[in-house]
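**Q** here are the coordinates; sequence isn't available:
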């Protein structure tokens with residue numbers, strides 16, 4: 001049913017649960033692919049640079065946030081790709097999803113920044129309203 005799934009992840013518990021659902025969506029499908037995107041906004045980028053001035057270490061730290069998700073896909077034998085994008089999370093996920101031909105987008109209901117999602121409206125809600133493909137929001 002789902003061959004090409006986009007997973008928007010940030011390493012939060014909700015995104016790990018979203019990854020588990022993505023596995024369920026594609027597990028029985030031959031030649032399926034889960035594309036994992038992690039969006040770095042300007043405040044995250046500034047914080048990363050303030051904590052470390054080594055670009056290689058910053059990149060490694062960012063990938064480390066997705067370690068549990070990647071481990072899950074490896075254990076389950078799920079073909080996957082990871083892309084790190086830059087921009088505001090909501091619009092960046094929407095643009096990426098709409099520019100590609102995904103069967104479904106899977107996203108956690110809350111991310112790492114709970115205060116921002118309560119005050120401004122969650123990224124998942126913004127994404128669900130604007131993405132053209134079906135969206136699964138995972139609690």
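**A** That came in fine, so what should we check first? No experiment lies behind these values; they were computed from the predicted model shown.

**Q** what about stretch 8-28, distance to the chain center?
**A** 9 Å (CA atoms, centre = their mean, to the nearest Å).

**Q** next: stretch 67-85.
**A** 11 Å.

**Q** now do the buried residues in that stretch.
**A** 69-70, 72-73, 76, 78, 80, 82 (16 or more other CB atoms under 10 Å). Just so you know, the C-beta spots here come from the backbone N, C-alpha and C atoms, and that holds for glycine as well.

**Q** residues in contact with it?
**A** The contact list for stretch 67-85, computed with CB atoms under 8 Å, 6 or more residues apart in numbering, reads 7, 9, 11, 15-16, 19-20, 22-23, 26-27, 31-40, 59, 62-63, 66, 92, 96.

**Q** by contact count, what packs against the longest helix seen in the chain?
**A** Longest helix of the chain, by residue count under DSSP state H: helix 13-26. Under the contact definition 3 or more CB pairs under 8 Å, 6 or more residues apart in numbering; DSSP states H and E, helix 13-26 sits against strand 4-8, strand 33-40, helix 67-76, strand 104-108, strand 135-138.
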